[in-house]
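Attaching a predicted model along with its sequence, questions to come.
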Amino acid sequence: MKKNLHESVVVIMGASSGIGEATALAFARRGARLVLAARNAAALQAVAKACREEGVDVLVHPTDVTKADKVKELVDVALSLGEIDVWVSNAGVGAVGAFEETPIEAHQRVIETNLIGHINDAHAIMPVFRTQGHGIFVNMISLGGFAATPYAAAYSASKFGLKGFAEALRAEVAEVPDIHICDIYPAFVDTPGMSHGANYIGKEISTPPGASDARAVADAIVKVVEQPKDTTTVGSITDLVRVGHFLAPALTSRAMAWLMRRSFEKSDRVNRTSGNLYRPSQPPLGIDGPHPQSRTFPLISTGVAATAFMVGLVMGATARSGSNDRRYR
């Protein structure tokens, strides 16, 4: 049955910008009551104002997802609106840089936010869902949960770990048919997050061509809440890379590393920074990133290039298989 979102209580983590802001507005337009959380209180208030203009109730509660006790406080705040129907676990940070040149504290912070933070979310809300007998937990993972992301090793580890965590949690609640763990896997998305992240490579990091609009990811989240499913990918690139990694994981990772190095070579030098690892993201915020041209790049060209890459992987895997067969005949 399609879930009626009108008057549903929806908690959104990481709601101060990007996908989180777009998701808050998408649910507001469907009449949901919202609880918005992130570290940046001023940005949350701006998002809340836009959502209230849609005629819905909105609560704001600044929360650091790495602090389990603060996440549990957020649950109590949300329960003041009634039963919690949906929890969107969307907080995330990143650090780009060669592994050994990135401070170990930065690696730890990425894991704390992207993996432990989502575990904190689930640990706080799952007892409520079990008591209610229903609830939808939406995990924002990413393409990085299917394929490695060289020069963002901790990010890659956090997303692979989050995928495993979600699968384990899903199995534990399988006996409660109205509790759903739903994973969202977008590819690159044009949001402010790319420019807000930690940069230890010393080169400008820009959103690659063919990036998705954050609003498309928000629509996918709303759809999966209306009709729950375990895994939702956003963008054809995600599906192509997912298959490519399955067929040839080492080759896919090396190709990604080569593309990253080529991108760095062409980029302008910038100061190294810890970005938003230890403090809230600073303006400019909003839904869209600083590189809107990344979304105007013809997606057909991106799709053709990705498809050609996939064909090459399949042919390479087939050739190696045939070579092995001949060797052992």
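Thanks, I have it.

Can you give me every residue that contacts residue 157?
Residue 157 makes contacts with 111, 115, as judged by CB atoms under 8 Å, 6 or more residues apart in numbering. Quick note: C-beta positions are derived from backbone N, CA and C, even for glycine.

May I see the buried residues of the helix or strand containing it?
Using DSSP states H and E, residue 157 sits in helix 153-172. Neighbour counts using 16 or more other CB atoms under 10 Å place 153-163, 165-166, 169-170 of helix 153-172 among the buried residues.

Mean confidence (pLDDT) on it, please.
When pLDDT is averaged over helix 153-172, the result is 97.

Can you tell me the strand partners of the following helix or strand past it and which way each runs?
Next helix or strand after helix 153-172 toward the C-terminus (DSSP H and E): strand 179-186. Looking at strand 179-186 with DSSP bridges, its partner strands are strand 135-140 (parallel), strand 231-234 (parallel).

what angle do the first one and helix 153-172 make?
Using axes from the mean of the first three to the mean of the last three CA atoms, to 10 degrees, the direction of strand 135-140 lies 160 degrees away from that of helix 153-172.

Report the mean per-residue pLDDT for strand 135-140.
Averaging pLDDT along strand 135-140 yields 98.

So which residues make contact with it?
For strand 135-140, contacts defined as CB under 8 Å, 6+ apart pick out 3, 14, 19, 84-90, 92, 118, 121-122, 125-126, 128-129, 162, 166, 169, 178-184, 186, 221, 224-225, 228.

ChimeraX command to pick out the buried ones of these?
Buried subset of those, written as a ChimeraX selection, criterion 16+ other CB under 10 Å:
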select :3,14,19,84,85,86,87,88,89,90,92,118,121,122,125,126,128,129,162,166,169,179,180,181,182,183,184,186,221,224,225,228
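
ok so, going back, between the buried residues of helix 153-172, which is nearest residue 274?
The closest of the buried residues of helix 153-172 to residue 274 turns out to be residue 154 (CB to CB; 13.0 Å).

and that closest one, what is it in contact with?
Taking CB under 8 Å, 6+ apart, we find residue 154 in contact with 95, 102, 106-108, 110-111.
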